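1. Sequence unavailable; structure follows:
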């Protein structure tokens, strides 16, 4: 059995490797121009958005007991952000005025986002479950 410190190091290392894949692919989906662009720009990027946040939180808190809780809380948080897209106060409009702001908190409400968030959280859960077994 690997010592706990080495195990945490491995988990974090593979979280970083995963983030180095998920992040540019997610931004690539946001910027993609081509066949099925609407799906990649909106829903495909949403799947990867969930996985990104799950990996970030798991990197910070790589505890096996949190593997099931992290995707649930990421799902709840991103659903709240989705609902906030129906509200347009100045501060949210200011954040949404940049590409990064639009990428992180979105601009338009869509019911289909919830389904894609759920799928992304499921895939993110599978990933961190696998990482927690390393």
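-> Arrived safely. As the structure is a computational prediction, the values presented were derived from the model and not from experiment. Numbering: from 1, shown residues only.
2. roughly how far out does the top helix by length along the chain sit from the chain middle?
-> Scanning the chain for the helix with the most residues, using DSSP state H, yields helix 4-31. In this view, helix 4-31 has its centroid 11 Å away from the chain centroid, taken as Cα atoms, centre = their mean, to the nearest Å.
3. I'd like to know which elements the helix or strand that that helix is followed by is packed against.
-> Using DSSP states H and E, the helix or strand that directly follows helix 4-31 along the chain is helix 37-38. If you count contacts as 3 or more Cβ pairs under 8 Å, 6 or more residues apart in numbering; DSSP states H and E, helix 37-38 packs onto no helix or strand. Glycine gets a C-beta too; all of them are placed from N, C-alpha and C.
4. low-confidence ranges in this protein?
-> Low-confidence segments of the chain (pLDDT under 70): 1-3.
5. Compute the first-to-last residue distance for stretch 84-102.
-> In stretch 84-102, first residue to last residue: 13 Å (Cα to Cα, to the nearest Å).
6. who touches it?
-> Residues outside stretch 84-102 that contact it (Cβ atoms under 8 Å, 6 or more residues apart in numbering): 104, 105, 106, 107, 108, 109.
7. These into TSV, with extra columns for secondary structure, distance to residue 122 and neighbour count?
-> Converted to TSV, those look like this (DSSP: H, G, I helix; E, B strand; the rest coil; distance: Cβ to Cβ, whole Å; neighbours: other Cβ atoms under 10 Å):
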residue	secondary structure	distance to residue 122	neighbour count
104	helix	21	14
105	helix	22	15
106	coil	20	21
107	coil	25	13
108	coil	24	11
109	coil	22	12
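8. Using CSV, lay out those residues together with distance to residue 96.
-> Listed next are the contacts of stretch 84-102 as CSV, based on distance: Cβ to Cβ, whole Å:
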residue, distance to residue 96
104, 9
105, 7
106, 8
107, 5
108, 10
109, 12
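9. Cheers, nothing more for now.
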